[in-house]
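Q: Provided below are the primary sequence and the corresponding predicted coordinates.
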Amino acid sequence: MQQLDAAAREALPTLLPDWSPAADGRSIRREFRFADFGAAWGFMSRVALLAERQDHHPDWRNVWNRVEITLTTHDAGGLSERDVTLARAIDALL
Ligand SMILES: C[C@H](O)[C@H](O)[C@H]1CNC2=NC(N)=NC(=O)C2=N1
């Protein structure tokens with residue numbers, strides 16, 4: 001599994017404006033806030049189905065109506081196209 005190349009990294013702020021790259025460049029992160037726990041859980045259920053379909057899984061946490069998602073590719077030891085693909089699919093759920 002290849003890590004993102006320089007051009008793809010440069011495109012991240014445009015492609016994924018709501019995701020913040022980690023200082024070490026190895027992951028991207030976004031926080032989501034919903035009306036209540038049920039809405040947050042429903043979102044997480046849909047993300048879980050995306051993750052299974054893409055065989056690419058988030059590192060995430062949920063506190064009541066908040067969901068924090070961090071994406072990285074463990075097999076690549078950093079960011080890959082799989083992270084970009086999953087992030088875009090997650091954004092499309094909103
Ligand atoms: C064997 C299976 O394809 C791998 O373990 C997949 C599963 N989901 C994954 N998710 C993430 N975030 N990174 C991976 O490297 C990864 N690898």
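A: On my side now, so go ahead. Note that this is a predicted model, so its numbers are computed, not measured. Residues are numbered from 1 along each chain as shown.

Q: and the helices in this protein?
A: Ranges of helices in the chain, per DSSP state H, are 6-15, 37-54, 81-91.

Q: ranking the ones you listed by burial, who's on top?
A: helix 81-91 (a mean of 19; mean count of other CB atoms under 10 Å). In short, each C-beta sits where N, CA and C put it, glycine included.

Q: report the angle between the axes of that helix and helix 6-15?
A: Calculated by axes from the mean of the first three to the mean of the last three CA atoms, to 10 degrees, helix 81-91 forms an angle of 10 degrees with helix 6-15.

Q: re earlier: same list (the helices of the chain) but as JSON lines, adding distance to residue 71 and mean pLDDT.
A: Below are the helices of the chain laid out as JSON lines (distance: least, CB to CB, whole Å; pLDDT from 0 to 100):
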{"stretch": "helix 6-15", "distance to residue 71": "11", "mean pLDDT": "96"}
{"stretch": "helix 37-54", "distance to residue 71": "10", "mean pLDDT": "98"}
{"stretch": "helix 81-91", "distance to residue 71": "4", "mean pLDDT": "98"}
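
Q: can you list those helices in CSV and add distance to residue 62?
A: Compiled in CSV, the helices of the chain are given as follows (distance: least, CB to CB, whole Å):
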stretch, distance to residue 62
helix 6-15, 25
helix 37-54, 6
helix 81-91, 14
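
Q: can you put these in TSV and add distance to the ligand?
A: Output for the helices of the chain, formatted as TSV (distance: least, CB to the nearest ligand atom, whole Å):
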stretch	distance to the ligand
helix 6-15	16
helix 37-54	7
helix 81-91	7
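
Q: of all these, which one comes closest to residue 29?
A: In this view, the helices of the chain are compared for proximity to residue 29 by CB to CB, and helix 81-91 is the closest at 9.8 Å.

Q: what helices or strands is that closest one leaning on?
A: When contacts are defined as 3 or more CB pairs under 8 Å, 6 or more residues apart in numbering; DSSP states H and E, helix 81-91 sits against helix 6-15, strand 28-33, helix 37-54, strand 66-71.
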